[in-house]
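Novice: Here is my input, please return the structure:
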Amino acid sequence: MGFDENVKYSFKNHLYKTRQSDAYMKIVFLGAGGSYPSPKRNVPAIAVKYQSEVILFDCGEGTQRQFIQSSISFMDIKRIFVTHFHGDHFLGLPGLIQSMNLNDRGEELEIYGPTGNKRICKQLVRLGYFRPNFPVKVFDINPGAQLKFHGYSVESVSSDHNVPSLAFALKEEDKKGRFDREKAIELGVPVGPSFSKLHEGHDVEVHGKVVKPDQVVGPPRRGKMMVYSGDTRPCSDICKLAENADVLIHDATLESKMSDIAIERGHSSVRHAAEIAERAGVDKLFLFHMSPRYDSVDGLKSEAREIFKMTTIPQDLFEYEI
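Specialist: From the prediction side, this is the model:
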């Protein structure tokens, strides 16, 4: 079956519009629930808009439709990181890739995941008669991997689930210190290229006097950091990974009184997630992978805030800029 050209044209206009306002680092919760889609929440998919690209963590079924309803475009996805191979975390990949193909994607797509990722994703990409017309590169990665990209890195550790599973930290590179324009002018530095030289770490000579970068440039600023647990029991490796993170997105499948059941099933409760956030010293906790049994989450949020005040339970399509 072909793709209706009028729909295609209209949809491409949507894609074009979404590219006009690039947030610096914005998290979009495309699906914040777990197990299976419910009327309240779709299954896991966390998108991070960083400058001009999108990095996607997990891809539950229907993720491409969630993108269409969001402020960002699935055509801007550069890399996808899959935590593990339970269906609610990866079965959206074939539909997402086919939607990219039908909208004439040409750019390469990279998919990373635990051992077995390469085999499974290659099978998914070749379902039926469908073959994408753009390159899809698939990589198996191990716990402890540190992958460096332009402006950021992604680090993985093992989570504690019932199948091999990873948690990820997205870390922006440290930024230069702030440039003190007034101080530079006060020292006689002329406005112009000399400002850039100083900010890049080079001395500048002004009327026979040397002005050094540390006179006008503040200390380096730590880059932003987001940690995504995927599905997990409370886990010391994730707690360590999340130390001083700006954002922790952590499994909180069940209410606190069901903590023992959560552990048995390879998950965390609301209390567990809040305790990890408190121990790791994160700035903000988002509870994630809520069971479809919960229509209202107000009580769960209150439980978590008794332990860690800066807790939010995001609705689908909720956005948070770091």
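
Novice: Quick check: Phe195 vs Lys212, distance?
Specialist: 14 Å (Cβ to Cβ, to the nearest Å). Every C-beta, even on glycine, is put in place using the N, C-alpha and C of the backbone.

Novice: Those two - which one has more neighbours?
Specialist: Phe195 (17 against 13; other Cβ atoms under 10 Å).

Novice: Now that one: closest residue in space, sequence neighbours ignored.
Specialist: In space, and not counting its chain neighbours, Phe195 is closest to Ala184: 6.2 Å by Cβ to Cβ, 6 or more residues apart in numbering.

Novice: In which helix or strand does the one you found reside?
Specialist: helix 181-186 (DSSP states H and E).

Novice: tell me which residues in whichever helix or strand comes after that helix are buried?
Specialist: Downstream of helix 181-186, the next assigned helix or strand under DSSP H and E is helix 193-199. Neighbour counts over helix 193-199 (16 or more other Cβ atoms under 10 Å) mark 194-195, 198-199 as buried.

Novice: Gly223: how many residues sit nearby?
Specialist: Neighbour number of Gly223 under other Cβ under 10 Å is 17.

Novice: Just list the residues touching it, thanks.
Specialist: Residues near Gly223 by Cβ atoms under 8 Å, 6 or more residues apart in numbering: 152, 171-175.

Novice: low-confidence ranges in this structure?
Specialist: 1-23, 128-129 (pLDDT under 70).

Novice: quick check: domain ranges of it?
Specialist: Domain assignment for the chain by automatic domain parsing gives 19-175+222-321, 181-216.

Novice: Helix, strand, or coil at Asp316?
Specialist: coil (DSSP: H, G, I helix; E, B strand; the rest coil).

Novice: What are the boundaries of the helices in the stretch 1-150 of the chain?
Specialist: Under the criterion DSSP state H, counting those that start in this stretch, the stretch 1-150 of the chain carries helices at the ranges 5-18, 63-69, 87-90, 93-102, 117-125.

Novice: do the stretch 151-300 of the chain as well
Specialist: 181-186, 193-199, 213-216, 236-241, 259-264, 270-280, 298-305.

Novice: ok, residues contacting the fifth one?
Specialist: So the one you mean is helix 259-264. By Cβ under 8 Å, 6+ apart, helix 259-264 touches 233-234, 253-254, 268-269, 271-272.

Novice: Repeat the analysis, applying 6 Å as the threshold.
Specialist: 233, 253-254, 268-269, 271 (Cβ atoms under 6 Å, 6 or more residues apart in numbering).

Novice: Repeat that for the third one.
Specialist: With Cβ under 6 Å, 6+ apart as the contact definition, helix 213-216 has outside contacts at 180, 183-184, 198, 201.

Novice: List only buried entries from these.
Specialist: By neighbour count, with 16+ other Cβ under 10 Å, the contacts of helix 213-216 hold 184, 198 as buried.

Novice: how about the contacts of helix 213-216 in CSV, adding distance to Pro94?
Specialist: Compiled in CSV, those are given as follows (distance: Cβ to Cβ, whole Å):
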residue, distance to Pro94
Asp180, 53
Lys183, 56
Ala184, 55
Leu198, 52
Gly201, 48
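
Novice: Let me know the outermost residue of the chain.
Specialist: The outermost residue of the chain, judged against the average C-alpha position, is Gly208 (49.6 Å), by Cα atoms, centre = their mean.

Novice: Relative to Asp214, how far out is that one?
Specialist: Taken as Cβ to Cβ, the span from Gly208 to Asp214 is 20 Å.

Novice: Check Glu110 too.
Specialist: Counting by Cβ to Cβ, the gap from Glu110 to Asp214 is 39 Å.

Novice: Looking at the two, which is more packed in?
Specialist: Ranked by neighbour count (other Cβ under 10 Å), Glu110 and Asp214 place Glu110 first, with 17 against 11.

Novice: What is the neighbour count of the residue lying closest to the more buried one once chain neighbours are set aside?
Specialist: Residue nearest to Glu110 in three dimensions, not counting chain neighbours: Arg79, with 4.5 Å by Cβ to Cβ, 6+ apart. Residues lying near Arg79 (other Cβ under 10 Å) number 20.

Novice: repeat for Phe85
Specialist: 18.

Novice: which one is the spatially most central residue of the chain nearest to, not counting chain neighbours?
Specialist: The centroid of the chain falls nearest to Val48 when counting by Cα atoms, centre = their mean (4.1 Å). In this structure, Val48 finds its nearest non-sequential neighbour in Ile55, 4.7 Å apart by Cβ to Cβ, 6+ apart.

Novice: closest to Ser156 among the contacts of helix 213-216?
Specialist: Of all these, Ser156 sits closest to Gly201, with 31.9 Å by Cβ to Cβ.

Novice: show me the contacts for the closest one.
Specialist: Taking Cβ under 6 Å, 6+ apart as the test, what Gly201 contacts is Pro213.

Novice: Check the spacing between it and Phe195 real quick.
Specialist: With Cβ to Cβ as the criterion, Gly201 and Phe195 are 13 Å apart.

Novice: For the closest residue to Phe318 other than its chain neighbours, list each beta-bridge partner.
Specialist: Closest residue to Phe318 apart from its sequence neighbours, by Cβ to Cβ, 6+ apart: Phe29 at 4.8 Å. Assessed by DSSP bridges, Phe29 has beta-bridge partners Ile46.
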